[in-house]
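Asks: Return atomic coordinates for the entry below.
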Amino acid sequence: MSGGRRRVVLVGVGGLGSGSALVLARAGVEELVLVDPDRLEPSNLGRQVLYRQEDLGAYKAERAATRLMKAFPGVRGLPRVTALEPGNAARLLAGADLVVDGLDGFGSRLVLADACGAAGIPLVHAGVLRFGGQALTVRPGRTACYRCLLPEPPPPGEGSDPAREGVLGALVGLFGAVEGAEARRVLAGQPGILEGRLWALDLLGRQSLLLPLGRDPDCPSCGKIEKRYKYYPNGSGPASGPAPGSVPASSGQPRSARRARYQRQIRLREVGEAGQARLDRARVRVLGAGPGSWTAALYLAAAGVGRLEVEDPAADLDDLRGLNPEIVVSPATDSREETLDVDPCAAWGLLPAPLAPPIPELAGAAAAAEALLHLLGLA
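Replies: Numbering: from 1, shown residues only. Sure, this is the predicted structure:
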């Protein structure tokens, strides 16, 4: 990565933030400011692969900073245990070369978009709901901003909600890695692939679209009209999904404390308790070595695959057990038992041509998402 010392602010260090932070740390970004007010809960572990079972109850921002600095000694993690609000946004973003949006609320995302626009800081956005997602890179003053896509948040109680409707954890990782990949390009002085273009993915429908997104001259943030807009404090407004609108809620509900970590996966109506039981019985072998294979293993472990075999001899199997003590992890074998082989090098079909071949973490998350669809009988 060219240039001087780089400072990236990640606002939200959950599922999207985990995926993008790992990409940026491995790429050599020197300073990662990690903004998140929340403590880690069991339901987070199904998709937030920066954390381990022992981290439950800790502040995500603090634990993420510690873990990233331990794994990547050249990275300086700066935790900020606070929610982004209009009154503190400028201070939190001060000195940033780029901002990554890892939030899950419409209102707070719009506050972030406005603050980045006012400060002229590039912003990489992604949102995921159920089996779909979207991503967009914003260059203030040059490309469409987030308010060009969504001028106002829906009223409280309306809009899509991943906590209610569910989400596939590996898909969150895929979009987090896309954010990290886009951030790397912008920091290196290259044009982002998603500048002025919205990437929308429907995993179940096997549809991947790159949609041109022009600036709205009447946009209340980057257009000519000045306008007072609504703000919903963190947690009180509706959560964001891949696009404005409503998706029918899932009827699946976790039935035991053991299922708490898989809560959002079980709430997918196509998965439910029966689908999670299929994953419990599954046996998967992750092929290859390096960060792509490791990323695939992380998301498969987080999803609750019952037996996970890892071909990479350098893989830290105890770390996978720390992520999910409920599964069986071992080195890869030549067992004749029915086993699904997962190869990150063959997982580029989900991505539009400009995004492929992907960086290793993106390939690994894509491979895990493909494997989960297969195991759940949805491929």
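Asks: And the strands in the stretch 151-300 of the chain, which stretches?
Replies: With strands called from DSSP state E, counting those that start in this stretch, the stretch 151-300 of the chain shows them at 197-202, 207-212, 283-286.
Asks: Show me the shaky parts of the protein.
Replies: 1-4, 154-160, 223-258, 336, 357 (pLDDT under 70).
Asks: thinking again about what came up before, give me whichever of the strands of the stretch 151-300 of the chain is most buried.
Replies: strand 283-286 (a mean of 23; mean count of other Cβ atoms under 10 Å). Glycine gets a C-beta too; all of them are placed from N, C-alpha and C.
Asks: Please tabulate the strands of the stretch 151-300 of the chain in TSV and include distance to R269 as additional columns.
Replies: TSV is the format used below for these (distance: least, Cβ to Cβ, whole Å):
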stretch	distance to R269
strand 197-202	16
strand 207-212	19
strand 283-286	24
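Asks: Please name whichever of those is nearest to G46.
Replies: Comparison of the strands of the stretch 151-300 of the chain against G46 by Cβ to Cβ identifies strand 283-286 as nearest, at 16.1 Å.
Asks: which outside residues touch the closest one?
Replies: Identification of contacts with strand 283-286 by Cβ atoms under 8 Å, 6 or more residues apart in numbering yields 293, 296-297, 300, 305-312, 332, 337-342, 371, 375.
Asks: Could you pick out which of the residues you listed are located in strands?
Replies: Among these, the members found in strands (DSSP state E) are 307-310, 340-342.
Asks: Produce a PyMOL select command limited to the buried residues of the contacts of strand 283-286.
Replies: Burial among those is assessed by 16 or more other Cβ atoms under 10 Å; the matching PyMOL selection reads:
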select buried, resi 293+296+297+300+305+306+307+308+309+310+311+312+332+339+342+371+375
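Asks: can you tell me which of the strands of the stretch 151-300 of the chain comes nearest to I121?
Replies: Counting by Cβ to Cβ, and looking across all of those, nearest comes strand 197-202 at 19.5 Å.
Asks: Convert that closest one to PDB, retaining C-alpha atoms only.
Replies: Output of strand 197-202 as PDB, limited to C-alpha atoms (Å, rounded to 0.1, in the frame of the first residue of the first chain):
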ATOM      1  CA  ARG A 197     -21.900   1.600  -8.800                       C
ATOM      2  CA  LEU A 198     -24.000  -0.400  -6.500                       C
ATOM      3  CA  TRP A 199     -23.200  -4.200  -6.300                       C
ATOM      4  CA  ALA A 200     -26.300  -6.200  -5.300                       C
ATOM      5  CA  LEU A 201     -26.100  -9.900  -4.700                       C
ATOM      6  CA  ASP A 202     -29.000 -12.400  -4.300                       C
END
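Asks: Now do it: everything it contacts.
Replies: 131-136, 149, 171, 178, 207-213, 242-243, 350, 352, 355.
Asks: re earlier: need the ones in strands among the contacts of strand 283-286 in JSON lines (columns: distance to G46).
Replies: Listed next are the ones in strands among the contacts of strand 283-286 as JSON lines, based on distance: Cβ to Cβ, whole Å:
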{"residue": "R307", "distance to G46": "18"}
{"residue": "L308", "distance to G46": "15"}
{"residue": "E309", "distance to G46": "21"}
{"residue": "V310", "distance to G46": "19"}
{"residue": "L340", "distance to G46": "19"}
{"residue": "D341", "distance to G46": "23"}
{"residue": "V342", "distance to G46": "18"}
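Asks: Out of those residues, flag the one nearest to A188.
Replies: Using Cβ to Cβ, V342 comes nearest to A188 of these, at 29.9 Å.
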